[in-house]
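Engineer: Whatever this is, show me its structure:
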Amino acid sequence: MTSSRVAAIDCGTNSIRLLVADVDPATGALTELDRRMEVVRLGQGVDRTGLLAPEALARTLDQAAEYARVIEELGATRTRFVATSATRDAANRGEFVEGVLARLGVEPEVVSGTEEAELSFRGATGVVAANHPGPFVVVDLGGGSTELVLGTQAPEAAWSMDVGCVRLTERHLRSDPPTAEEIEAARADVRATLDTASLTVPLGKAATLVGLAGSVTTVTAHALGLERYDRDRIDGAVLSVEETLAACEDLLGRTRAEREALGFMHPGRIDVIGAGALVWAEVVRRVRDDVAAAGGELTSVVTSEHDILDGIALSIA
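Structural biologist: Residues are numbered from 1 along each chain as shown. Next comes the predicted model:
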């Protein structure tokens, strides 16, 4: 049986990403041909206005057209386009759907937070499970939402929290650097949301905590002391809880100019990484404390570069 060449697109609040891969139908193994990401900030202002801004929509659709060119060039036979938090929240999402359909020939699926979590879990654990024990708590920290999912071989509980690096920056972290009052308000927001999430997802059952997406990988690059972004070193990195929290706090306290000077920092993350680091720190603390309350110990955190894109590709192969 021959492999299937597929294209997966994940369009979130901050970035739009593409994966073109060959999938072995017998094993489900992915052979990556092209993986790319562009920050388009589709969710600009959505938390405040409930609408996709015209300029944000234009940036995103321009990038969709570029991805259409790459998909055609590489000869993918099936494409799935998944849109997440910002699009779920926007009253004018019909304009987005029509624009993507015109450029790519596929209709974007505006998935629920639960399905988003399940796709992220499948993409991450397909690789992480070979080296780490379950149950896993997989955390996909995006621009508009953060998905938490618990499971071993398949998702057993999932929850989507309406906190992410773009949403929290726009709500709270407006100063440069953020003030103590702004940080405390953002922390309270995340902690309240985690209180709700933990009623559905028993975080204390985690044997392995896995973090996904740009905020987490950027924190990991900082903790590793990388001069440039190195996907191979970041993927599968194991950091202690203390190293992770220290890197988060350092990024949160920096000015935009200081973040910009970091060689691994993507330009599109400079203004939102403080909020992303804050969310990740709060999640790590909460999982550590809940595991301890359940009689266990969480001493380390795993970062994965395999995420919802891999899950989307596997779902259509």
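Engineer: Do a quick rundown of the strands in the stretch 1-150 of the chain.
Structural biologist: Assigned by DSSP state E, counting those that start in this stretch, the stretch 1-150 of the chain shows strands spanning 4-11, 15-23, 30-39, 78-83, 109-110, 136-141, 146-151.
Engineer: mind putting these in a markdown table, mean neighbour count included?
Structural biologist: Every residue, glycine included, has its C-beta placed from N, CA and C. A markdown table is the format used below for those (neighbours: other CB atoms under 10 Å):
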| stretch | mean neighbour count |
| --- | --- |
| strand 4-11 | 25 |
| strand 15-23 | 23 |
| strand 30-39 | 16 |
| strand 78-83 | 20 |
| strand 109-110 | 18 |
| strand 136-141 | 28 |
| strand 146-151 | 27 |
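Engineer: Which of the ones you listed sits closest to Asp176?
Structural biologist: strand 30-39 (18.8 Å; CB to CB).
Engineer: which secondary structure elements does the closest one contact?
Structural biologist: strand 15-23, helix 54-74, helix 308-316 (3 or more CB pairs under 8 Å, 6 or more residues apart in numbering; DSSP states H and E).
Engineer: Would you mind getting the angle between the first one and strand 30-39?
Structural biologist: On the basis of axes from the mean of the first three to the mean of the last three CA atoms, to 10 degrees, strand 15-23 is oriented at 170 degrees to strand 30-39.
Engineer: Can you dump the C-alpha atoms of strand 15-23 in CSV for me?
Structural biologist: What follows is strand 15-23, C-alpha atoms only, in CSV (Å, rounded to 0.1, in the frame of the first residue of the first chain):
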residue,chain,number,x,y,z
SER,A,15,-0.2,32.2,13.3
ILE,A,16,-1.1,30.1,10.3
ARG,A,17,1.0,26.9,9.8
LEU,A,18,1.3,24.3,7.1
LEU,A,19,2.6,20.7,7.1
VAL,A,20,2.9,18.7,3.9
ALA,A,21,3.8,15.1,4.7
ASP,A,22,3.7,11.5,3.4
VAL,A,23,1.7,9.2,5.7
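Engineer: re earlier: tabulate the strands of the stretch 1-150 of the chain in TSV, adding columns for mean pLDDT and distance to Leu239.
Structural biologist: Shown next, in TSV, are those (pLDDT from 0 to 100; distance: least, CB to CB, whole Å):
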stretch	mean pLDDT	distance to Leu239
strand 4-11	94	24
strand 15-23	93	23
strand 30-39	91	22
strand 78-83	93	28
strand 109-110	86	34
strand 136-141	94	14
strand 146-151	93	19
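Engineer: State the pLDDT value of Asp232.
Structural biologist: If you check Asp232, the pLDDT there is 92.
Engineer: Help me confirm that it is found in a helix?
Structural biologist: Yes: assignment of Asp232 by DSSP: H, G, I helix; E, B strand; the rest coil places it within a helix.
Engineer: Val283: which of the helices and strands packed on strand 30-39 is closest?
Structural biologist: helix 308-316 (16.9 Å).
Engineer: Mind listing what's buried along that closest one?
Structural biologist: 308-315 (16 or more other CB atoms under 10 Å).
Engineer: returning to what we had before: between the strands of the stretch 1-150 of the chain, which gets nearest to Ser215?
Structural biologist: Of those, nearest to Ser215 by CB to CB is strand 136-141, at 4.8 Å.
Engineer: Please name the spatially closest residue to Val241 (chain neighbours excluded).
Structural biologist: Nearest non-adjacent residue to Val241, counting by CB to CB, 6 or more residues apart in numbering: Arg288, 5.5 Å away.
Engineer: typed the wrong thing, it's Glu282
Structural biologist: Closest residue in space to Glu282, ignoring its immediate chain neighbours: Val190 at 4.4 Å, by CB to CB, 6+ apart.
Engineer: if we can go back for a sec, so which of the strands of the stretch 1-150 of the chain is nearest Glu116?
Structural biologist: Closest to Glu116 of the strands of the stretch 1-150 of the chain, according to CB to CB: strand 146-151, at 5.3 Å.
Engineer: what pLDDT does Gly45 get?
Structural biologist: 81.
Engineer: Arg5 versus that one, what's the distance?
Structural biologist: 37 Å (CB to CB, to the nearest Å).
Engineer: could you redo the buried residues of helix 308-316 as JSON lines and give each row pLDDT?
Structural biologist: Formatted as JSON lines, these follow (pLDDT from 0 to 100):
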{"residue": "Ile308", "pLDDT": "87"}
{"residue": "Leu309", "pLDDT": "91"}
{"residue": "Asp310", "pLDDT": "90"}
{"residue": "Gly311", "pLDDT": "90"}
{"residue": "Ile312", "pLDDT": "92"}
{"residue": "Ala313", "pLDDT": "91"}
{"residue": "Leu314", "pLDDT": "88"}
{"residue": "Ser315", "pLDDT": "88"}
